[in-house]
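[1] give the three-dimensional model of this entry:
(2 chains)
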Amino acid sequence: MKHRYFAIIGTVGLAAALLLTACQGKSGANAKSSADTTWSRMEKDVITTMDPSLITDSVSGQAAADTYEGLYRYYGAELEPGVAKSVVKPTQNGTVYTFKLRNSKWSNGDPVTAKDFVFAWRRTVDPATKSQYAYLYTGIKNADQIMAGKKKADTLGVKALDDHTFQVTLEHAIPYFGTMMVSNAFYPENQKVVDQAGKKFGTQSKYLVFNGPYKLTKWNGTGNSWTEVKNPDYWNAKDIHVNKINVQVVKDASTAMNLFQAGKLDDAQLDGDQAAQAKSQKDYKGMKQSRTTYLEFNQKKIPAFRNTKLRQAVSLAIDRQEFVKKVLDDGSISTDTVTSSGLAKDPTTGKDFTKSLTASTAQYTAFNLAKAKKLWQEGLQETGQKSLDITLLSDDTSAAKRSAEYFQNALGELPGLKISVQPVPFKTRIARSMAGNFDMVISGWGADFPDPISFLDLFTTDNTYNFGHYSNKQYDALIAASKTTDATNETKRWTDLRQAQELLTKEEGIVPVYQMVQSHLVNPKMQGMTYSPNNLYNFIGAKIK
Amino acid sequence: MVKYVLKRIGYLLLTLFIVASITFFLMKLLPGTPFNNPKIPAAQIAILRKQYGLDLPVWQQYLNYMVGIAHGDFGESYQFAGQTVSYLISTRIGPSLQLGVQAMIIGTLLGILLGAIAAIRKNTWVDATATIFAIIGRSIPNFVFAALLQFWLAYKWRLFPIALWDGFSSSILPTLALAMAPLANTARFMRTEMVDVLSSDYIELAKSKGESQWQVVAKHAMRNSMIPIVTIIGPMAVDLMLGSLVVENVFAIPGIGQQFVQSITTNDYPVIMGLTMLYSVMLTVVILIVDILYGFIDPRIRLSGEGN
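    This is a model prediction of the structure:
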């Protein structure tokens, strides 16, 4: 009987030992051989859908950009023709776009025709499709009425003049219409495949066809990994040198870093401590995001904030350099403007929009506590206030909480300003911002399409997202002019936008603080991979040396 | 016995009905909507709500929900367009189940062993070491443990894959990380129970009959000490099998754990309901099984209703 007891211990011990030795040697760095043209990258989340009409998140957006092709495509910051033969100039006062399409194929052999665009666009605006990004169609003839259910989807201002000519009619000129054509909401769709798959369209690789540089495989619709393989039928297949892209979902930054160091990932996306740690490494790459974080004052609830001097004082009391370095320390950069840098080139100056501003915006954002205190006191006198006691609303992520505490301290230097911090979940922050239930809030905005108007539009008096109710007639007039009278005049339009941005920074209608930068470690063997203003990679032309 | 089981199944269905109802109304109290993107215009949100039937009166939504659930139809996820809840769960529960079962087996076996040894060697250095080990297992959060295992065993010493789900070897570290809690729990229970049992009369009797200490332990003490452990094993197993957000994130496991959290933060009502019901079904069924098992393990426990 004695032996039985030992036998139990022995078995368990043996089992444990077996477990421990089971699969040694499988790991270890896998150095790339020169012939290997497989790229392993990661995402922080899963693909939620591959139905171009329904995609709203960046993970699905990246997979869609790799496997589908719209009229245009971004190569870095350059807008280049995709299915369209060239980047077209509109006619009829900027309201009619006639795209000539090149000969190209779907992965099932069907030709990509103008009908595929007509079908896809009508499908996207049709309320029955439940597209969340259908609002991007506003401005295309009848789009708003179709979305509201007042007109049929086939009344949308799109036409297939023949198989290779696609025409779009707008209700008014949209100067940035071209930049929207890279977005998945405007991709073509193969009607045969959509009809066949029915409700299953976009839910698994087997229900999809592709017309882009890669084909999506091994995607079961909910899984943490998928593979993109070169599409030999892509019209520009000769420029695809990376034959396979393996994608893994890795949520934990420290795991991502370990996987990169062990050679299991060629491109790891990091945040927090890992980003701070990676910044000094030679493989570090910061990808500027078209996303800005700013402080927004509720000028309706706290009328004192209608005073420009008080807002300017807040801006000057924040040391943005110190803030991004010491508080965020994740590669993010300070900003003087709400429009993010690297978003759009100003065609009239040839420089980035944020670098094209004539009046110096820096003087309204450069840290200057003495000046801030002086302006603050003047502002208080002008508004007849002795002190201000306000609550700063923020998200409840650790970075957001640290940010809020920093602002609480920095702004506490202003005489008579008392700030308490209130971190809430994202959903609650948005809901309270929309309801106007806040004093001051740390807000953020990401561009929908690479044009400054995607940011500047927000702060016009009647905009729904102008949560703080900043209002300036001159600003409104400039934005309105850029969309109407000056819409088709490039020089005038960009001058309007520049002046509007300068005015917004000078007045500190909102206080811009930083632009988000996504930190990556990237295998240096990769060459020619580009990153676009819509925050997506482009692998066409890229090579693994 | 049959009557008892049938009665219990009746209660089980009632419990599930109540859980489903409470969950439904709690979900309605969640702030936000499934359309949390602040950029969607209000008019379009209204259209989307209509398309999803969220504009109906609450009682009607409740009825639709309950009828669907009764037919086993949990609807489609809001996060994953066109994906049914049952498909989402079925494709992601595999790794969580596997890890849960493995962790349960390792954890309870080692826990029982550790607890028994501690009890036998009560108040010696062996006992103290085992107790310290159990306390560490209880108090170190599993994400710390997971990160340590990953760093040392996988990254530094390269014994195991760092992360990702690729064959049995990739399941070992997450299993160990998950096994710590059941190990510590079981060890604690086992020790307490075994100390009690070892000082009871029938053990004295066995000893006085001249049985060796090992015989006493193996034949009498172990079996009787394990009864309370059966009680905690059930709920512990269900917890483990439905995934751990933290361990799944650290080891990049394509499991169901993260969906528990994500479905709530994104107001994905059908997924919240599907997962809650799955959890409830598993828990109630396991409790039922445990109750039935009691009768077999310990003849002293009589099932109520039996023998009538």
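[2] can I see the domain layout of chain A?
    Domain assignment for chain A by the TED database gives A:38-247+A:523-544, A:288-518.
[3] going on from the longest helix along chain B, what's the next piece of helix or strand?
    Of all segments of type helix in chain B, defined using DSSP state H, the longest is helix B:85-120. Sequence-wise, the next helix or strand downstream of helix B:85-120 (DSSP states H and E) is helix B:125-139.
[4] what's in contact with that following helix?
    B:114-115, B:117-119, B:121, B:180-181, B:183-185, B:187-188, B:191 (C-beta atoms under 8 Å, 6 or more residues apart in numbering or on different chains). Every C-beta, even on glycine, is put in place using the N, C-alpha and C of the backbone.
[5] of those residues, grab the buried ones for PyMOL.
    Here is the PyMOL command that selects the buried residues among those (16 or more other C-beta atoms under 10 Å in any protein chain shown):
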select buried, chain B and resi 114+115+117+118+119+180+181+183+184+185+187+188+191
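[6] can you redo the contacts of helix B:125-139 as TSV with distance to B:Gln259 and pLDDT?
    As requested, the contacts of helix B:125-139 are exported to TSV (distance: C-beta to C-beta, whole Å; pLDDT from 0 to 100):
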residue	distance to B:Gln259	pLDDT
B:Leu114	33	88
B:Gly115	34	88
B:Ile117	39	87
B:Ala118	38	87
B:Ala119	40	85
B:Arg121	44	84
B:Met180	23	88
B:Ala181	21	86
B:Leu183	26	88
B:Ala184	27	88
B:Asn185	25	86
B:Ala187	31	88
B:Arg188	31	87
B:Arg191	36	88
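[7] determine which two of the contacts of helix B:125-139 are furthest apart.
    Within those, B:Arg121 and B:Ala181 form the most distant pair, 23.8 Å apart (C-beta to C-beta).
[8] reformat the domains of chain A as TSV; add distance to chain B, mean pLDDT and mean neighbour count.
    What follows is the domains of chain A, written out as TSV (distance: least, C-beta to the nearest C-beta, whole Å; pLDDT from 0 to 100; neighbours: other C-beta atoms under 10 Å in any protein chain shown):
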stretch	distance to chain B	mean pLDDT	mean neighbour count
domain A:38-247+A:523-544	4	94	19
domain A:288-518	4	92	19
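[9] columns distance to B:Ser212 on top of those domains, output as CSV?
    Output for those, formatted as CSV (distance: least, C-beta to C-beta, whole Å):
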stretch, distance to B:Ser212
domain A:38-247+A:523-544, 53
domain A:288-518, 58
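[10] quick check: the residue of the stretch 1-150 of chain B nearest chain A.
    B:Gly32 (3.6 Å; C-beta to the nearest C-beta).
[11] helix or strand for the residue nearest to that residue when sequence neighbours are not counted, just tell me which one.
    Spatial nearest neighbour of B:Gly32, chain neighbours left out: A:Lys427 (3.6 Å); criterion: C-beta to C-beta, 6 or more residues apart in numbering or on different chains. A:Lys427 belongs to helix A:426-435 when assigned by DSSP H and E.
[12] what ranges do the strands span in the stretch 351-500 of chain A?
    All strands of the stretch 351-500 of chain A, identified by DSSP state E, counting those that start in this stretch, fall at A:351-352, A:388-395, A:417-424, A:440-446.
[13] which residue is the nearest non-sequential neighbour of A:Thr485?
    Nearest residue to A:Thr485, sequence neighbours excluded (C-beta to C-beta, 6+ apart): A:Lys492, at 7.8 Å.
[14] distance check, the residue nearest to the spatial centre of chain B against A:Asp162.
    Central residue of chain B (C-alpha atoms, centre = their mean): B:Asp239, 1.4 Å from the mean position. Look at B:Asp239 and A:Asp162: by C-beta to C-beta, to the nearest Å, they are 62 Å apart.
[15] how about the residues of the stretch 51-200 of chain B near chain A?
    B:51-52, B:79-83, B:87-88, B:91-92, B:106, B:109-110, B:113, B:147, B:150-151, B:154-155, B:158-165, B:167-169, B:172 (C-beta under 8 Å from any C-beta of the partner chain).
[16] which of the residues you listed are buried?
    Among those, the ones that count as buried by 16+ other C-beta under 10 Å are B:52, B:79-83, B:87-88, B:91-92, B:106, B:109-110, B:113, B:147, B:150, B:154-155, B:158-165, B:169, B:172.
[17] show me what contacts A:Leu392?
    Per C-beta under 8 Å, 6+ apart, neighbours of A:Leu392: A:Ala404, A:Phe407, A:Gln408, A:Ile419, A:Ser420, A:Val421, A:Gln422, A:Asp439, A:Met440, A:Val441, A:Ile442.
[18] export those as a markdown table, with columns for distance to A:Ala173.
    Output for the contacts of A:Leu392, formatted as a markdown table (distance: C-beta to C-beta, whole Å):
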| residue | distance to A:Ala173 |
| --- | --- |
| A:Ala404 | 42 |
| A:Phe407 | 40 |
| A:Gln408 | 45 |
| A:Ile419 | 44 |
| A:Ser420 | 47 |
| A:Val421 | 45 |
| A:Gln422 | 43 |
| A:Asp439 | 39 |
| A:Met440 | 37 |
| A:Val441 | 34 |
| A:Ile442 | 35 |
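[19] helix, strand or coil for A:Gln269?
    What DSSP: H, G, I helix; E, B strand; the rest coil gives for A:Gln269 is strand.
[20] just give the nearest non-adjacent residue to it, would you?
    The nearest residue in space to A:Gln269 (C-beta to C-beta, 6+ apart) is A:His520, at 5.5 Å.
[21] now chain B against chain A: closest residue?
    B:Ser169 (2.8 Å).
[22] quick check: A:Gln167 touching A:Ile140?
    No: the pair A:Gln167 / A:Ile140 is not scored as a contact, 11.4 Å apart, by C-beta atoms under 8 Å.
[23] overlap in contacts of those two?
    Counting by C-beta under 8 Å, 6+ apart, the common neighbours of A:Gln167 and A:Ile140 are A:Val158.
[24] CA atoms of stretch A:40-51 as CSV?
    The C-alpha trace of stretch A:40-51 is given here as CSV (Å, rounded to 0.1, in the frame of the first residue of the first chain):
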residue,chain,number,x,y,z
SER,A,40,4.8,38.9,-39.9
ARG,A,41,2.9,41.8,-38.3
MET,A,42,0.4,42.3,-35.5
GLU,A,43,-2.8,44.1,-34.8
LYS,A,44,-4.2,45.0,-31.4
ASP,A,45,-7.6,43.7,-32.3
VAL,A,46,-9.5,41.3,-34.5
ILE,A,47,-11.1,42.0,-37.9
THR,A,48,-14.7,42.6,-37.3
THR,A,49,-16.0,42.4,-40.9
MET,A,50,-14.6,42.4,-44.4
ASP,A,51,-17.8,43.9,-45.9
